[in-house]
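*Asks:* give me coordinates for this.
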Amino acid sequence: MTAAASPRIDPWGALRSSASAAPSVREGPLAGLRFVVKDLIDIAGEVTGGGNPDWARTHGAATRSAPVVEALLAASARYAGKAHTDELAFSLEGENAHTGTPINPRYPALLPGGSSSGSAVAVAAGLADFALGTDTGGSVRVPASFCGIPGFRPSHGVLSLEGVLPFAPGYDSIGWFAATPALLRRVGDVLLPSSGDRTLGRLLLAEDVFALCEPDCAAALRVIAEAWKVEGTVRAFAADWQAAAECYRVLQGGEIRDELGPWIRAARPHFGENIAPRFADALAITDEEIAAQRPVRAHFAAHLHTLLGEDGVLVLPTCEGRPLRRDSDGAARGRFYPRALAINALAGHAGLPQITLPVVELEGEPLGLSLIGPRNSDRALLALAERVWRQHTGETAHRISDAPATPA
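*Replies:* Now for the predicted structure:
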């Protein structure tokens, strides 16, 4: 049974609806754990709203839950509700003109990040033990970093996208948030195929990504990365970062044009003022632009595959600087967006798994440090993240808030 989320239950505005999570009928590997689902992922009997009232109005209730949800339920996890999303996933900020902006529980002056905003907020606020999101160009990694929690994007294609509202399927993936890397790994043990006895350990610092970041943020994160005993520095971008961002803009936009364009033209939906121009840009992308960018993506992907080999791990900032504040002006957003897309497009272009960890606060604001592993090294990457997290929390004094501030 579902119902609209009560402000008393959810003062942060994370949930579109809440559910009475019935006790597990058996003791599976996730027994006793509550999870919420981004409102792009189907739950049987519920309308997947996609963060847009016109999408919800023109689509009926799902007849079955997405396979990824069914797998969690089969492992005895307890479904606790649908989490808000930015409109049809087209944002990294966490804002929604229709449903509002969820409150970042640990850092209320900051945006929560998007588009899996409600999922990240639910975990950061303790409304759920873990949460499903989707990640195309950073929609799990960015809100995890903004909210100061771990987040994971798996290798592209390792999890079925059946029952997930399509955005740009060539980049789309289902990811998840949890309070600790250990819990991220427990969820991965249920959802991910076996990696055999694969291990990772050759850490490579992405020098050009650090150089792209705000200097004080890069310096603070570099201290942590070097404590993890990186073996050397490398260039992660096969060309300049602007090329990575433009390639992503065109190829993502072309897929949005093909997937959502027919519905947009037929339904003529109302989008928020910041989202409407993004869809207009996507629908205007030409086949010629797409053809020109496909070899660029292949070049970026081949570079990373060669760089990492079978056991290499790229260490890099999750974002280019501090999280965006709720009152950020156009200049701050204009700097953030292309750089964040370029950084997060690295894993996206190559279909690689990435985990972000909340390793340090700078002047009271969280910064995330990421690990990118070889394709299909997902379980090994989660295991490595758990190891470095234990080392980090045992050997450093960098504070990360562990209790959300309840809104007045």
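
*Asks:* neighbours around residue 317, how many?
*Replies:* 26 (other Cβ atoms under 10 Å). Every residue, glycine included, has its C-beta placed from N, CA and C.

*Asks:* all further residue positions should be reported with the first residue as 46.
*Replies:* Renumbered: residue one is now 46, and that last one reads residue 362.

*Asks:* need the pLDDT of it.
*Replies:* Residue 362 is assigned 98 on the pLDDT scale.

*Asks:* could you do the one 3 residues further on as well?
*Replies:* Per-residue pLDDT puts residue 365 at 96.

*Asks:* swap in residue 48?
*Replies:* 56.

*Asks:* leaving out chain neighbours, which residue sits closest to the spatially most central residue of the chain?
*Replies:* The chain has residue 185 as the residue nearest its centroid, 0.9 Å off, counting by Cα atoms, centre = their mean. Leaving aside its sequence neighbours, residue 185 sits nearest to residue 220 (Cβ to Cβ, 6 or more residues apart in numbering; 3.6 Å).

*Asks:* next secondary structure after the lowest-mean-pLDDT helix or strand in the chain?
*Replies:* Lowest by mean pLDDT, DSSP states H and E among the helices and strands of the chain is strand 47-49, with a mean of 57. Using DSSP states H and E, the next helix or strand after strand 47-49 towards the C-terminus is strand 60-64.

*Asks:* relative to the whole chain's centre, how far out is that following strand?
*Replies:* 20 Å (Cα atoms, centre = their mean, to the nearest Å).

*Asks:* mind listing what it pairs with, with the direction of each?
*Replies:* Here strand 60-64 has these sheet partners by DSSP bridges: strand 47-49 (antiparallel), strand 123-128 (antiparallel).

*Asks:* how about low-confidence regions in the stretch 46-195 of the chain?
*Replies:* Residue ranges of the stretch 46-195 of the chain with pLDDT under 70: 46-53, 65-70.

*Asks:* what do you get if the cut-off is 80, keeping everything else the same?
*Replies:* 46-53, 65-71 (pLDDT under 80).

*Asks:* ranges for the helices of it?
*Replies:* Assigned helices in the stretch 46-195 of the chain, in chain order: 98-102, 112-119, 162-169, 186-192 (criterion: DSSP state H, counting those that start in this stretch).

*Asks:* nearest to residue 398, out of those helices?
*Replies:* helix 186-192 (11.0 Å; Cβ to Cβ).

*Asks:* other SSEs contacting the helix or strand just after that closest one?
*Replies:* Reading on from helix 186-192 to the C-terminus, the next helix or strand found by DSSP H and E is strand 196-198. The contact analysis (3 or more Cβ pairs under 8 Å, 6 or more residues apart in numbering; DSSP states H and E) places strand 196-198 against helix 186-192, strand 218-223, helix 226-236, strand 399-407.

*Asks:* list the contacts of strand 196-198.
*Replies:* 165, 178, 180, 185-186, 188-190, 218, 220-222, 229, 233, 392, 398-401, 427 (Cβ atoms under 8 Å, 6 or more residues apart in numbering).

*Asks:* now swap in stretch 344-352 and tell me
*Replies:* Applying Cβ under 8 Å, 6+ apart, the contact partners of stretch 344-352 are 249, 279, 281-284, 289, 292, 359, 390-391, 394-397, 417, 419-420.

*Asks:* show the average pLDDT along that stretch.
*Replies:* Stretch 344-352 carries an average pLDDT of 98.

*Asks:* send the alpha carbons of it over as PDB?
*Replies:* This file holds the C-alpha atoms of stretch 344-352, laid out as PDB (Å, rounded to 0.1, in the frame of the first residue of the first chain):
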ATOM      1  CA  HIS A 344      38.500   7.100 -28.600                       C
ATOM      2  CA  PHE A 345      37.800   8.100 -25.000                       C
ATOM      3  CA  ALA A 346      36.700   4.600 -24.200                       C
ATOM      4  CA  ALA A 347      39.700   2.900 -25.800                       C
ATOM      5  CA  HIS A 348      42.000   5.300 -23.900                       C
ATOM      6  CA  LEU A 349      40.500   4.400 -20.500                       C
ATOM      7  CA  HIS A 350      40.400   0.600 -21.300                       C
ATOM      8  CA  THR A 351      44.100   0.700 -22.100                       C
ATOM      9  CA  LEU A 352      44.900   2.900 -19.100                       C
END
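
*Asks:* chain center to it, what's the gap?
*Replies:* 22 Å.

*Asks:* show me where the stretch 246-395 of the chain has helices.
*Replies:* Going by DSSP H, counting those that start in this stretch, the stretch 246-395 of the chain shows helices at 252-257, 260-272, 286-312, 321-328, 332-353, 375-395.

*Asks:* next, format those as a markdown table and append mean neighbour count.
*Replies:* Formatted as a markdown table, the helices of the stretch 246-395 of the chain follow (neighbours: other Cβ atoms under 10 Å):
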| stretch | mean neighbour count |
| --- | --- |
| helix 252-257 | 18 |
| helix 260-272 | 17 |
| helix 286-312 | 19 |
| helix 321-328 | 16 |
| helix 332-353 | 16 |
| helix 375-395 | 21 |
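
*Asks:* for residue 433, find the nearest of the ones you listed.
*Replies:* The nearest among the helices of the stretch 246-395 of the chain, by Cβ to Cβ, is helix 260-272 at 9.0 Å.

*Asks:* any idea how far residue 152 is from the closest residue to residue 178 other than its chain neighbours?
*Replies:* Leaving aside its sequence neighbours, residue 178 sits nearest to residue 161 (Cβ to Cβ, 6+ apart; 2.9 Å). Residue 161 sits 17 Å away from residue 152, taking Cβ to Cβ, to the nearest Å as the criterion.

*Asks:* ok, now residue 187?
*Replies:* 14 Å.

*Asks:* look at those two and report which has more neighbours.
*Replies:* Neighbours per residue (other Cβ under 10 Å) separate residue 187 from residue 152, with residue 187 holding more: 35 against 23.

*Asks:* any idea how far that one lies from residue 352?
*Replies:* Relative to residue 352, residue 187 is positioned 23 Å away (Cβ to Cβ).
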